[in-house]
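# Build me a model:
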Amino acid sequence: MGNGDSRVRGLAARAGGWSARHRWAAVGIWVLFVVLAMGLGSAAGRVDVKDSDQLKGETHTAARIIEDAGIEEPASESVLIQARNGSLKATDSEFRAAVTAVVKAVEGTGKVTDVTSPYDTRTISKDGLSALVQFDMRGDSDTAGERVEPVLKAVEGVQKDHGSLRIEEIGGASMMKTFDDAFGDDFQKAEYSAVPVALGILLIAFGALVAALLPVLLAVTAIMATMGLMGIVSHVMPMSDTANSVMLLVGLAVGVDYCLFYLRREREERQAGRDPQTALRVAAATSGRAIIVSGVTVCVAMAGMLFTGLAEFEAMGLASLMVVAVAMVGSVTVLPALLSLLGERVEKGKIPFLHPESRLRRNRGRGNRESRFWTAVLKGVLAKPVVSVVVAAGALLAITAPAVGMKTQQLTLDQEFGDSLPIVQTYNRLNEAFPGGSEPAEVVVKADDINAPEVKSALADFRERAISSGASRGPVDIKLHDEQNVAFVYVPLVGGSDLDKAGASLDKLRDEVRPATLGKVDGVEAPITGQVAGSKDFNDQLGGAVVPVFAFVVVFAFGLMLLSFRSLTIAITSIVLNLLSVGAAYGILVAVFQHGWGASLVGAEGVGAIITWLPLFLFVILFGLSMDYHVFVVSRIREARLRGRTTKDAIQHGVVTTAGVVTSAAVIMVAVFAIFGTLSMQSMKQMGVGLAAAVLIDATIIRGVLLPAVMALLGERNWYLPKWLNRLPDLTHDEAPQAVTRGAARDDEGEPVRV
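Below you'll find the model as predicted:
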């Protein structure tokens, strides 16, 4: 139909058409929306998730008791004093002199309170070679890391005077400071470098500065608007720094992707000889529609996090959902307006060696340049689809196999950071001398009268039985808050940094010791919290959420694909292929980080476990993001079939014509995620490597081999929809103007194909 006018249906086409006709209004509305969202969000402020809302179960109950009592738990610190060569014991005069010097030095800073000597609290190891001076930091525990420097220097000063002893400080404040110093800028660098990396790849993809800047501009404005919206929404559902970082990652990925899809299609239509208005209309009706289908699917996947019951996950899910929705709306409204305003000026700032179509007019009429590499690959795949399916699926299943033995847990300090930091070495030495002493279980005891004889007796009995039961080797410390009728009981768990053994000790406390002591006193609450308890409660709660979240995401994604393509076959294959992609990512994670196979290649090490929150997080994120490519590629295949091509030709055309944009989008995502794989924390490495590997597999093996091979085997069955499903709403992909022609696809009996 050339450049003739043709009416197309659908929200994306109408939105794009309106924006192109009212371009200044569309741009103005978008700018106003971003400014208002940021302004209102800044004025409202952000409410962050409280400790008492982080988890359910005993951890939640303990945090609620502390919060209701108005008790501000200080950041506790310990100074480990240890004989270097075993020649000195805690009873020796030199050792005693060092302890006295430490007590005097830390008290002299004026930054601490409740300093205790190991000779008073019996915090001396069984072999007599180690002792702990313990104290609390004054002020808010959340900011204690900012005030601990003078205390650390005071301890260092004592160390210089006692060379035969090892004198080291460790605790909440000192760890906070160490991590801030070592990794505080790490995340910012990763976040700041993501945008330049994406821009650099877009410059290579488009070969023009203006065209490369548009996707980044859309993504950045979408992220800015969402930051403001997060502040407003946080008053209903609290947010967090983690949710903010995840939102930035997802926003950059989908914002750039959606804009990339739209831009490449508009450019392709102009290169084919269509005028700018028609090219924009075709892009709106096709890529715009794919963006809406993909965006809604991603939003549904992100909404799955809301079913976990975990405040942190709910914050991440809602923040991600919002940024995807904002980026999606921006892509089908302000982007066509900007393209209409710019016209061929979108090619300004051409980079000679990177701009394959430096002169659009010279290339008009040549059609879209198809990827030679993917053309060659597709030729082999479509010639032998059975072999391709067996080899590709077999390879992915082999990669997935290690995931069967996946072990999840919260990573301990030495697992998270290795032995590179001095404080990690101190952590290991402390746990060796005082098993569980660095992260004891904390029993929060609430009573009507904490000083009542029966309560005091139960506390003493609990202390005794905690040690006699084998759950702890002591010392068990009790701190009373008389006014609030609350007591804190600190119990070092046998097992220390070995969370499996420490978890067994925790179970013994909860199931045996507590019922036999504190549990016998009426009106007493005694939830047990702490890192080990928090890890166990988190695992238990997350385990209960896995099935509902998986079911919700899969069922709704299936429904959306069914409505969007009106094909039962496409919906089923979409789900299966996405699950294969996620499974392969799980397998890589387990192989690299749990078993240590090839870990050194990514600057990591095998730590024996995957951090608890990652599998579910990866499933939701990857299931959503992989739909970007899938919807985009299948939409092009369907469009080509609708124009009259055979299914086999439509598959080849759809895959090779989208190969460039899918490759560019995948490279951007892989590069951005890989940045997080370079961070020092093992949990961030796991997230970065898992996301990058999954996207790479998804854009190559899944979309380039398995998808076309499976569709080639299915043939016309790809478009099968049972008659009883014909009453479903028709949300199929919009036809481009040239699609409704006399050459429309027909089946073997001459009837029009319902694609």
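# pLDDT weak spots in the stretch 1-150 of the chain?
Filtered on pLDDT under 70, the stretch 1-150 of the chain yields the residue ranges 1-10, 51-54.
# Please enumerate the helices of it.
For the stretch 1-150 of the chain, the helices defined by DSSP state H, counting those that start in this stretch cover 11-21, 23-44, 51-54, 57-69, 93-108, 118-121, 149-161.
# got those helices as CSV, with distance to residue 581 and mean neighbour count columns?
C-betas here are computed from N, CA, C, even on glycine. As requested, these are exported to CSV (distance: least, C-beta to C-beta, whole Å; neighbours: other C-beta atoms under 10 Å):
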stretch, distance to residue 581, mean neighbour count
helix 11-21, 26, 20
helix 23-44, 33, 16
helix 51-54, 31, 18
helix 57-69, 33, 19
helix 93-108, 54, 18
helix 118-121, 54, 15
helix 149-161, 47, 17
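# Please enumerate the strands of this protein.
All strands of the chain, identified by DSSP state E, fall at 76-83, 112-116, 130-137, 165-171, 408-409, 441-446, 477-481, 486-491, 528-529, 610-611.
# Can I get the ones you listed in JSON lines including distance to residue 598 and mean neighbour count?
Below are the strands of the chain laid out as JSON lines (distance: least, C-beta to C-beta, whole Å; neighbours: other C-beta under 10 Å):
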{"stretch": "strand 76-83", "distance to residue 598": "36", "mean neighbour count": "24"}
{"stretch": "strand 112-116", "distance to residue 598": "46", "mean neighbour count": "16"}
{"stretch": "strand 130-137", "distance to residue 598": "38", "mean neighbour count": "24"}
{"stretch": "strand 165-171", "distance to residue 598": "33", "mean neighbour count": "23"}
{"stretch": "strand 408-409", "distance to residue 598": "20", "mean neighbour count": "20"}
{"stretch": "strand 441-446", "distance to residue 598": "37", "mean neighbour count": "25"}
{"stretch": "strand 477-481", "distance to residue 598": "44", "mean neighbour count": "16"}
{"stretch": "strand 486-491", "distance to residue 598": "40", "mean neighbour count": "22"}
{"stretch": "strand 528-529", "distance to residue 598": "38", "mean neighbour count": "24"}
{"stretch": "strand 610-611", "distance to residue 598": "16", "mean neighbour count": "24"}
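# With residue 254 as the reference, name the closest of the ones you listed.
strand 610-611 (24.1 Å; C-beta to C-beta).
# List the neighbouring strands of the closest one plus their orientation.
Strand pairing for strand 610-611, determined by DSSP bridges: strand 408-409 (parallel).
# Not counting the partner strand itself, show me its contacts.
499, 535, 539, 609, 610, 611, 612, 614, 615 (C-beta atoms under 8 Å, 6 or more residues apart in numbering).
# Kindly recompute the last result at 10 Å.
Strand 408-409 has contacts (C-beta atoms under 10 Å, 6 or more residues apart in numbering) with 415, 499-500, 503, 532, 535-536, 538-539, 542-543, 590, 594, 607-616.
# follow-up on the earlier one: want to throw the helices of the stretch 1-150 of the chain into a markdown table with distance to residue 274?
A markdown table is the format used below for the helices of the stretch 1-150 of the chain (distance: least, C-beta to C-beta, whole Å):
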| stretch | distance to residue 274 |
| --- | --- |
| helix 11-21 | 14 |
| helix 23-44 | 19 |
| helix 51-54 | 54 |
| helix 57-69 | 60 |
| helix 93-108 | 76 |
| helix 118-121 | 82 |
| helix 149-161 | 66 |
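# Let me know how buried residue 552 is, in neighbour terms.
Number of residues near residue 552 (other C-beta atoms under 10 Å) recorded here: 18.
# next one: residue 510
For residue 510, the neighbour count with other C-beta under 10 Å is 20.
# hang on, isn't it packed against residue 516?
No - in this structure, residue 510 is not within contact of residue 516 by C-beta atoms under 10 Å, at 11.5 Å.
# Name the spans of the stretch 601-750 of the chain whose pLDDT lies under the cut-off.
730-750.
# wait, residue 94 sits on residue 84?
No - when contacts are counted by C-beta under 10 Å, residue 94 is not listed as touching residue 84 (11.9 Å).
# Find residues that contact each of those two.
Joint contacts of residue 94 and residue 84 (C-beta under 10 Å, 6+ apart) are 162, 164, 165.
# who touches the second one in this structure?
Residue 164 is in contact with 83, 84, 85, 87, 88, 92, 94, 95, 98, counting by C-beta under 10 Å, 6+ apart.
# For the closest residue to the first one other than its chain neighbours, the count of nearby residues, please.
Okay, so that is residue 83. Excluding its sequence neighbours, the residue lying closest to residue 83 (C-beta to C-beta, 6 or more residues apart in numbering) is residue 129, at 4.6 Å. Counted with other C-beta under 10 Å, residues neighbouring residue 129 total 20.
# Residue 129 contacts residue 95, doesn't it?
Yes - with contacts counted by C-beta under 10 Å, residue 129 reaches residue 95, the gap being 9.0 Å.
# Report the set of residues contacting both of these two.
Common neighbours of residue 129 and residue 95 (C-beta under 10 Å, 6+ apart) are 81, 82, 83, 88, 89, 165.
# got CSV for those, with distance to residue 301 too?
CSV is the format used below for these (distance: C-beta to C-beta, whole Å):
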residue, distance to residue 301
81, 53
82, 51
83, 56
88, 60
89, 60
165, 56
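# low-confidence ranges in the stretch 151-300 of the chain?
Applying pLDDT under 70 to the stretch 151-300 of the chain flags the ranges 182-191.
# so where do the helices sit in it?
Taking DSSP H, counting those that start in this stretch, the helices of the stretch 151-300 of the chain run over residues 172-206, 209-233, 241-271, 276-285, 287-303.
# So which of those helices is the most surrounded?
Neighbour counts (mean count of other C-beta atoms under 10 Å) averaged over each of the helices of the stretch 151-300 of the chain peak at helix 287-303, with a mean of 27.
# Give the rounded mean pLDDT of stretch 466-482.
For stretch 466-482, mean pLDDT rounds to 87.
# and it, which residues are buried?
466, 467, 471, 472, 473, 474, 475, 476, 477, 478, 480, 481 (16 or more other C-beta atoms under 10 Å).
# of all those residues, which two lie farthest apart?
473 and 481 (26.2 Å).
# Residue 139 contacts residue 74, doesn't it?
Yes - here residue 139 reaches residue 74: they are 7.8 Å apart, a contact under C-beta under 10 Å.
# Need the overlap of contacts for these two.
113, 173.
# Please compute how far stretch 32-51 lies from its chain's middle.
Stretch 32-51 sits 22 Å away from the centroid of its parent chain (C-alpha atoms, centre = their mean, to the nearest Å).
# now do stretch 278-287
Taking C-alpha atoms, centre = their mean, one finds the center of stretch 278-287 at 33 Å from the center of the full chain.
# Show me which residues of stretch 706-722 are buried.
Under the neighbour-count rule (16+ other C-beta under 10 Å), stretch 706-722 has 706, 707, 708, 709, 710, 711, 712, 714, 718, 719, 721 buried.
# Kindly report the same for stretch 422-440.
423-424, 426-431, 433-440.
# Which one of those residues is nearest to residue 106?
Set against residue 106, the nearest of these by C-beta to C-beta is residue 426 (15.9 Å).
# Tell me, how many residues neighbour residue 507?
Neighbour tally, residue 507, other C-beta under 10 Å: 12.
# From residue 164, how far out is the residue of the chain most remote from its centre?
What lies farthest from the middle of the chain is residue 93; by C-alpha atoms, centre = their mean that is 53.2 Å. Applying C-beta to C-beta, to the nearest Å, the value for residue 93 to residue 164 is 12 Å.
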